[in-house]
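S.K.: Whatever this is, show me its structure:
(one chain, ligands or ions: 2)
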Amino acid sequence: MYINFWYPIIRSEDLGAGKPEKSMVLGLNFVAFRDSQGKAHVLSDTCTHRGASLGGAWELGDKPRIIDDCIVCPYHGWEFGPDGECRNIPSIGYGKKVPPRAKVDAYPVQEKYGIVFAFLGDLPERDRPPLLNVEEYDTEGWRANSILVLDVDYYYERSIENGLDPAHNEFVHPTHGLKAVNRDTYHVREYDVLDHPQGWGMWFVHRFNAPGLTDPTWKSVDTSSRAPGELFAGSGTHGPNMMVTEINVGSGNRFRQYFFEQPVDQRRTRIFFLNMRNFMLGAEHDGPIHARNKVIAKQDIEILVDVYPPRTPTSNIREVLTPSDKAVVSYREWLAKFDERGWRIDWDEFSQRNGKDTGFAIPGPARRISGNWVLEPVPLLKNRSSR
Ligand code: FES
Ligand SMILES: [Fe+2]
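M.R.: Numbers count the residues shown, from 1 in each chain. Ligands and ions are numbered 1, 2, ... in the order given. Sure thing, here's the model as predicted:
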């Protein structure tokens, strides 16, 4: 897991006015809330007074939790602005000067594609890797399904690698045609791995058989321009936690599927899934497409919950990789580049000390400008490139 990338925090539709929402990302809690203009903000969830959860304690009653665009701690009422600075400490009197250490980390936010994203790291704006760009979004001739949220019990890197794996389709997804595997001729065709155009990951295109895609859900798909049951698809990565898959079903009809992954901890991931399409544009297709995507996701989940070890191995010789795993290897090479920048969380040290007497936070950009922070920054691995 890495700091210094954009992470999905919550679906836009799940973040209402007046109600902060808490989520766990990279093993730590964050709180998201909207100000009076409706703008979303994301802060570290731990109150630096005595550790209460800014987004917690909802059973307590009906006290306002957002006042003057500040989030109010439910324990003693300290008020923190969108920049993480404490504005009021009721016990010393409203409007009185607050100690400089009374602040929490605040993170840059972008709300796009129906998702609130936060940049979880301390890089100044000019050095930040960008958010994955969905170029078709809001363009003529394309339709977006609403964001599908999938909570899965496995590590996000295993999830991304599964999306880059052209050898699993015929075995995991009956709809893609296990019955059609011909033992005399079947093999995964060779493919080349390129850089993703946005420059923070890899991209590849391959050809495979998917006779099941002629089932009734896809009856309006024109398959005339390809061999029966044959499909072109490409997949790529952006940063450690974002993936895009393009499926060409013939005659220019395309799906582009975006997976914005939220690593919750070492065993859990929340996937924010955006499905774009340039055919079957009517709203009546949204429901069946969601339903079908859920079926396919369930098939992958069935495999991935049991993959061992849960984290991707630190060396490729710990697995027997074949040419079809080329894309997975390339993804791991990209992760090694992020390691070299010193952005990987030292999970072993973190998990040893976290939840005992030390509170951690992902350092926000303000830590590069000022000192006096209460929570320890999450430990990072220095120059680790042993993959
Ligand atoms: S713990 Fe938040 S105000 Fe005391
Ligand atoms: Fe799959």
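
S.K.: For the stretch 51-200 of the chain, which residues are neighbours of ligand 1?
M.R.: 51-52, 73, 75-76, 78 (C-beta under 6 Å from any ligand atom). Just so you know, the C-beta spots here come from the backbone N, C-alpha and C atoms, and that holds for glycine as well.

S.K.: Columns pLDDT on top of those, output as CSV?
M.R.: Shown next, in CSV, are those (pLDDT from 0 to 100):
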residue, pLDDT
51, 96
52, 97
73, 97
75, 95
76, 96
78, 97
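
S.K.: Out of the residues you listed, give me the one that has the most neighbours.
M.R.: Neighbour tally across those (other C-beta atoms under 10 Å): the maximum, 27 neighbours, falls on residue 73.

S.K.: isn't that one right next to residue 50, touching?
M.R.: No. In this structure, residue 73 is not within contact of residue 50 by C-beta atoms under 8 Å, at 9.3 Å.

S.K.: Check what contacts the helix or strand encompassing residue 158 and list those residues.
M.R.: Applying DSSP states H and E as the criterion places residue 158 in helix 156-163. With contact meaning C-beta atoms under 8 Å, 6 or more residues apart in numbering, helix 156-163 is reached by 1, 152, 168, 235, 237, 240-241, 243, 245, 259, 261-263, 269, 271, 300, 303-304, 307, 310-312, 328, 331, 335.

S.K.: Need the CA coordinates for it. PDB is fine.
M.R.: Taking C-alpha atoms only, helix 156-163 is exported to PDB below (Å, rounded to 0.1, in the frame of the first residue of the first chain):
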ATOM      1  CA  TYR A 156      -6.300  -4.800  -3.400                       C
ATOM      2  CA  GLU A 157      -3.200  -5.800  -5.300                       C
ATOM      3  CA  ARG A 158      -4.600  -9.300  -5.800                       C
ATOM      4  CA  SER A 159      -7.700  -7.700  -7.100                       C
ATOM      5  CA  ILE A 160      -5.900  -5.500  -9.600                       C
ATOM      6  CA  GLU A 161      -3.800  -8.400 -10.800                       C
ATOM      7  CA  ASN A 162      -6.900 -10.400 -11.400                       C
ATOM      8  CA  GLY A 163      -8.100  -7.700 -13.800                       C
END
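
S.K.: what does the average pLDDT come to for that helix?
M.R.: Helix 156-163 shows a mean pLDDT of 97.

S.K.: quick check, distance from that helix to the centre of its chain.
M.R.: Relative to its parent chain, helix 156-163 has a centroid offset of 11 Å by C-alpha atoms, centre = their mean, to the nearest Å.

S.K.: Tell me where this protein has helices.
M.R.: Applying DSSP state H to the chain gives helices spanning 156-163, 169-172, 286-304, 326-340, 347-353.

S.K.: Lowest average pLDDT across those?
M.R.: Minimum mean pLDDT among the helices of the chain: helix 169-172, a mean of 87.

S.K.: Show me which residues of that helix are buried.
M.R.: 169-170, 172 (16 or more other C-beta atoms under 10 Å).

S.K.: Equivalent analysis for stretch 140-155, please.
M.R.: Of the residues in stretch 140-155, those with enough neighbours to count as buried (16+ other C-beta under 10 Å) are 142-145, 147-148, 150, 152, 154-155.

S.K.: Stretch 332-349 too?
M.R.: Quick answer for stretch 332-349 (16+ other C-beta under 10 Å): 332, 334-335, 338-339, 343-345, 347.

S.K.: nearest to ligand 1, of the residues you listed?
M.R.: residue 345 (25.5 Å; C-beta to the nearest ligand atom).

S.K.: which residue packs closest to that closest one, ignoring adjacent ones?
M.R.: Of all residues not flanking residue 345 in the chain, residue 1 sits nearest, at 4.8 Å (C-beta to C-beta, 6 or more residues apart in numbering).

S.K.: State the distance from the one you found to residue 298.
M.R.: 25 Å (C-beta to C-beta, to the nearest Å).

S.K.: more crowded one of these two?
M.R.: Neighbour tally, residue 1 and residue 298, criterion other C-beta under 10 Å: the higher count belongs to residue 1, 24 against 11.

S.K.: Go ahead and confirm the more buried one touches residue 240.
M.R.: Yes. The criterion here is C-beta under 8 Å, and residue 1 meets it with residue 240 at 7.4 Å.

S.K.: what's around residue 161, how many residues?
M.R.: Neighbours of residue 161 under the rule other C-beta under 10 Å: 22.

S.K.: now the closest residue to ligand 1 within the stretch 201-350 of the chain: how far from residue 97?
M.R.: Scanning the stretch 201-350 of the chain for proximity to ligand 1 using C-beta to the nearest ligand atom identifies residue 350 as nearest, at 22.7 Å. According to C-beta to C-beta, residue 350 and residue 97 sit 35 Å apart.

S.K.: same check, this time on residue 130
M.R.: Distance from residue 130 to residue 97, by C-beta to C-beta: 39 Å.

S.K.: low pLDDT regions in this structure?
M.R.: Under the criterion pLDDT under 70, the flagged ranges of the chain are 175-181, 208-230, 383-387.

S.K.: how is it carved up into domains?
M.R.: Here the domain parsing of the chain from automatic domain parsing is 5-125, 143-336.

S.K.: Can you add distance to residue 373 and give the ones you listed back as JSON lines?
M.R.: Formatted as JSON lines, the domains of the chain follow (distance: least, C-beta to C-beta, whole Å):
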{"stretch": "domain 5-125", "distance to residue 373": "7"}
{"stretch": "domain 143-336", "distance to residue 373": "23"}
